[in-house]
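>>> dropping a prediction and its sequence here:
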Amino acid sequence: MGCNHKYDFSEAVRQFEDGIVPPRCETCGGILRPDVVLFEDPMSSDYYRALEALEGCELLMVVGSSLQVYPVADMPYLARQMVIINKEPTPFDSRAAVTAHCKAGEFFEELASILKL
Ligand SMILES: [Zn+2]
């Protein structure tokens, strides 16, 4: 949180297992936090870039989201067509052209196999 140095998640796990709680940045000593938007965080610039990308978007592929947390849960309303890949059903499944209830990694491994990639 101090210097924006990025670590692999395994570093946080290693520190946690070594009793360093919360895990710390080895550069500045600041607390490590996941690189995601947490509740009450301001939306990142990625969110606004995603909104821009949705303008004129022909197909939105939702991967690994319950689509139940706003404002991201509003994004499907901006999509013309949608594919949803999520382990659990979402409120938008009936609006999607395709839904797959499975792990994203398994979905893409199968897709790559079908496409012989
Ligand atoms: Zn740091």
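Alright, I've got the coordinates.

>>> may I see the buried residues of the lowest-mean-pLDDT helix or strand in the chain?
Scoring the helices and strands of the chain by mean pLDDT, DSSP states H and E places helix 45-54 at the bottom, with a mean of 90. Judged by neighbour count using 16 or more other C-beta atoms under 10 Å, the buried positions of helix 45-54 are Ala50. C-beta here means a position set from N, CA and C on the backbone, and glycine is covered the same way.

>>> hmm, who's touching that helix?
Outside of helix 45-54, the residues within contact range by C-beta atoms under 8 Å, 6 or more residues apart in numbering are Val37, Leu60, Pro71, Val72, Met75, Leu78, Ala79.

>>> could you check how far the first one is from Phe9?
Using C-beta to C-beta, to the nearest Å, one gets 16 Å for the distance from Val37 to Phe9.

>>> these two: which is more packed in?
Val37 (15 against 11; other C-beta atoms under 10 Å).

>>> so that one is in contact with Ser44, correct?
Yes: look at Val37 against Ser44 with C-beta atoms under 8 Å: they come within range, at 5.8 Å.

>>> which residues are common contacts for these two?
Taking C-beta under 8 Å, 6+ apart as the criterion, Val37 and Ser44 do not both touch any residue.

>>> ok, Ile84 - contacts?
Val62, Leu67, Thr90, Phe92, Asp93, Ala96, Val98, Thr99, Ala100.

>>> run a quick neighbour tally on the last one.
Residue crowding around Ala100 was assessed by other C-beta under 10 Å; the count is 17.
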